[in-house]
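Enquirer: Generate coordinates for the sequence data below:
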Amino acid sequence: MPLSVVILAAGQGKRMASDLPKVLQPLAGRPLLAHVVATARCLAPDAIHIVYGHGGERVREALPAEELRWVLQAEQKGTGHAVAQAMHAIPDGHTVLVLYGDVPLIKAGTLRELVSRAGPQSLVLLSARLPDPAGYGRVIRDNAGRVVRIVEERDANHKEKAIPEINTGLLAAPAGRLRGWLEALRPDNAQGEYYLTDCIGAAVRDGIAVEAVLAASAGEVLGVNDKIQLAEVEAAHRRERATELMQRGVTIVDPARVDIRGEVSCGRDVMLEVNVILEGKVKLGDRVKVGPGCVLRDCEVGADTEIRAHSVIEGAVTGARCIVGPFARLRPGTRLADEVHVGNFVEVKNSVVGEGSKANHLSYVGDTTIGRKVNVGAGTVTCNYDGVNKHRTEIGDGAFIGSGTMLVAPVTVGADATIGAGSTITKPAPAGKLTVERSRQQVIENWKRPERKAGPGGAS
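Expert: Predicted coordinates for the structure are as follows:
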């Protein structure tokens, strides 16, 4: 059957104590809602409908590139009312899969099972067994073990509250049948709301088969209602992603202190030290070692390269056998060839650095092309910005740039040229020659440092 997904994302989330709508709270660098949408897309549905309310346009603006159908729930009257807002756009012949924008760790495989078991004469809900089920609706079964209804926590009696099997709220149902059940809902409960869960009892009365699929783990169905639960979900997500990498052969020194926030591909024998953050699309070649405290974002690191402690790499590509850091920064547009060294407190932006070249200390290289086997001395700055435009610096193979050099772009340094330390180079430096630019050193005799005169109140 064709599939329509409905994601409920209208809740205010008062317990978050935040101006940010609940479904936009960040998990691994992305809104909670974005995680749910990404999982839903794995099912290749005909349409994804998002029911939004609190936060209005902010929620829509958070996913601008997504092909989504937005449905406004102007008044929040419960989950049944929310789903009903989306039903006018869903054909009767579809299966409807209901998800929640604040349940971000649900697996695509679990959802596929729900959808595969649902049909024109069957409704399937996702349940879970929790050691502490407080706060959740309970799944009520008859003596034969068949699901007969869901009772919400506030409406449950003492015996029902002791039931460990809870309703997660996720379900798959035939659209035509679901439409009728929603239209018949009444707010006869402690909350005075239209409960989606009342459709379970309606399905049973109509002779529709109701099946509860038990979630593989409680973590998969964790909901987020406050910052404590957000931290718990973040920790669960972090463990899950770290486990995936370790299963693929990556050595992670402490899985609790590595954050995988994007799409990561790794070669063999990769090692991640503590407090590493990987964001966006990151590709790590064979035997790459990433030191403690490093942040890698949308980058590619070649085989046998070592990223030393507290370095930041964003939008850059390194070759093989490079050494980067400690405390180095590679900014977007940077490309390092093989065996390049970029050392402590060196920043490289929008530059190409040739094979075997080194910039080991305290330098800025911006909008520059550096040839092979170039040595960039400590304190070198490519002065690429004139206040309006950026200009390029070209440094030929084998050049030696002395410490404390200012290269004022646009400027060219020829192959095998040497620049004397402390020079400010504004004109082309010829190949194979020593170029020095320094003012004459002078000693001023009989000069005394000015002294502060004591005021009325004495020296300060």
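Enquirer: what about Gln12, neighbour count?
Expert: For Gln12, the neighbour count with other Cβ atoms under 10 Å is 12. Just so you know, the C-beta spots here come from the backbone N, C-alpha and C atoms, and that holds for glycine as well.
Enquirer: Give the other helices and strands that the helix or strand hosting Ala202 contacts.
Expert: Counting by DSSP states H and E, the element that carries Ala202 is helix 198-205. When contacts are defined as 3 or more Cβ pairs under 8 Å, 6 or more residues apart in numbering; DSSP states H and E, helix 198-205 packs onto strand 122-129, strand 147-151, strand 165-174, helix 175-183, strand 209-214.
Enquirer: which parts of the fourth one are buried?
Expert: By that I understand helix 175-183. For helix 175-183, the neighbour count (16 or more other Cβ atoms under 10 Å) marks Ala175, Arg177, Leu178, Arg179, Trp181, Leu182 as buried.
Enquirer: Which residue, neighbours along the chain excluded, lies closest to the fourth one?
Expert: So that's Arg179. Met87 (5.1 Å; Cβ to Cβ, 6 or more residues apart in numbering).
Enquirer: OK, contacts around that neighbour?
Expert: When contacts are counted by Cβ atoms under 8 Å, 6 or more residues apart in numbering, Met87 touches Val96, Ala175, Leu178, Arg179, Leu182.
Enquirer: Test for you: state the pLDDT assigned to Gly457.
Expert: According to the prediction, Gly457 has pLDDT 60.
Enquirer: could you say which helix or strand contains the closest residue to His49 other than its chain neighbours?
Expert: Nearest residue to His49 in three dimensions, chain neighbours excluded: Ala86, at 4.2 Å (Cβ to Cβ, 6+ apart). Assessed by DSSP H and E, Ala86 sits inside helix 79-87.
Enquirer: Next up, the contacts around Ser265.
Expert: Shown in contact with Ser265 (Cβ under 8 Å, 6+ apart): Val282, Lys283, Leu284.
Enquirer: where does it fall, phi/psi-wise?
Expert: Main-chain dihedrals, Ser265, degrees, to the nearest 10: phi -120, psi 140.
Enquirer: Enumerate the beta-bridge partners assigned to it.
Expert: For Ser265, the beta-bridge partners are Lys283 (DSSP bridges).
Enquirer: and the gap between it and Gly325?
Expert: Applying Cβ to Cβ, to the nearest Å, the value for Ser265 to Gly325 is 22 Å.
Enquirer: Please, where are all the strands along the stretch 351-460 of the chain?
Expert: Counting by DSSP state E, counting those that start in this stretch, the stretch 351-460 of the chain has strands at residues 352-353, 358-361, 364-366, 368-370, 375-376, 381-383, 393-395, 400-401, 406-408, 411-413, 418-419, 424-425, 434-435.
Enquirer: Ala10: which of those is closest?
Expert: With Cβ to Cβ, the closest approach to Ala10 among the strands of the stretch 351-460 of the chain belongs to strand 364-366: 46.8 Å.
Enquirer: packing partners for the closest one?
Expert: Short answer (3+ Cβ pairs under 8 Å, 6+ apart): strand 364-366 packs on strand 347-349, strand 381-383.
Enquirer: hey, which of these is tucked in deepest?
Expert: The highest average neighbour count among the helices and strands packed on strand 364-366, using mean count of other Cβ atoms under 10 Å, belongs to strand 347-349 at a mean of 23.
Enquirer: Residues in contact with that one: which ones?
Expert: Residues outside strand 347-349 that contact it (Cβ under 8 Å, 6+ apart) are 316, 328-334, 336, 342, 359, 363-367.
Enquirer: returning to that earlier point: as a markdown table, the strands of the stretch 351-460 of the chain with mean pLDDT would be great.
Expert: Listed next are the strands of the stretch 351-460 of the chain as a markdown table, based on pLDDT from 0 to 100:
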| stretch | mean pLDDT |
| --- | --- |
| strand 352-353 | 98 |
| strand 358-361 | 97 |
| strand 364-366 | 98 |
| strand 368-370 | 98 |
| strand 375-376 | 98 |
| strand 381-383 | 98 |
| strand 393-395 | 98 |
| strand 400-401 | 98 |
| strand 406-408 | 98 |
| strand 411-413 | 98 |
| strand 418-419 | 98 |
| strand 424-425 | 97 |
| strand 434-435 | 98 |
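Enquirer: possible to save the ones you listed as a markdown table with distance to Gln73?
Expert: Conversion of these to a markdown table gives the following (distance: least, Cβ to Cβ, whole Å):
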| stretch | distance to Gln73 |
| --- | --- |
| strand 352-353 | 52 |
| strand 358-361 | 56 |
| strand 364-366 | 50 |
| strand 368-370 | 54 |
| strand 375-376 | 59 |
| strand 381-383 | 55 |
| strand 393-395 | 57 |
| strand 400-401 | 63 |
| strand 406-408 | 60 |
| strand 411-413 | 61 |
| strand 418-419 | 67 |
| strand 424-425 | 64 |
| strand 434-435 | 71 |
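Enquirer: Pull out the buried residues from whichever helix in the chain runs longest.
Expert: Looking across the chain with DSSP state H, the single longest helix is helix 227-247. Residues of helix 227-247 classed as buried: Gln229, Leu230, Val233, Glu234, Ala236, His237, Arg238, Glu240, Arg241, Ala242, Leu245 (neighbour count, 16+ other Cβ under 10 Å).
Enquirer: On the pLDDT front, check the first one for me.
Expert: To tie it back to what came earlier, the one meant is Gln229. On pLDDT, Gln229 comes in at 94.
Enquirer: Report the contact partners of it.
Expert: By Cβ under 8 Å, 6+ apart, the neighbours of Gln229 are Leu222, Gly223.
Enquirer: and the gap between Lys390 and Gly293?
Expert: Going from Lys390 to Gly293 by Cβ to Cβ gives 30 Å.
Enquirer: again with Asp269
Expert: 21 Å.
Enquirer: before we move on, what about His54?
Expert: 37 Å.
Enquirer: cool, Val6 as well?
Expert: Computed as Cβ to Cβ, the Val6 to Gly293 distance reads 42 Å.
Enquirer: related to what we said a few turns ago, orientation of the helix holding Ala86 relative to strand 165-174 in degrees?
Expert: Counting by axes from the mean of the first three to the mean of the last three Cα atoms, to 10 degrees, helix 79-87 points 20 degrees away from the direction of strand 165-174.
Enquirer: before we move on, back to that, tell me the one of the contacts of Met87 nearest Val139?
Expert: Lowest distance from Val139 to those (Cβ to Cβ) belongs to Leu178, with 18.6 Å.
Enquirer: my read: the closest one touches Cys199, true?
Expert: Yes: using Cβ atoms under 8 Å, Leu178 makes contact with Cys199 at a distance of 6.6 Å.
Enquirer: where do the contact lists of the two overlap?
Expert: Leu123.
Enquirer: Domain-wise, how is this protein divided?
Expert: Using automatic domain parsing, the domain parsing of the chain gives 3-221, 241-435.
Enquirer: Compute the first-to-last residue distance for the last one.
Expert: In other words, domain 241-435. From its first residue to its last, domain 241-435 covers 53 Å (Cα to Cα, to the nearest Å).
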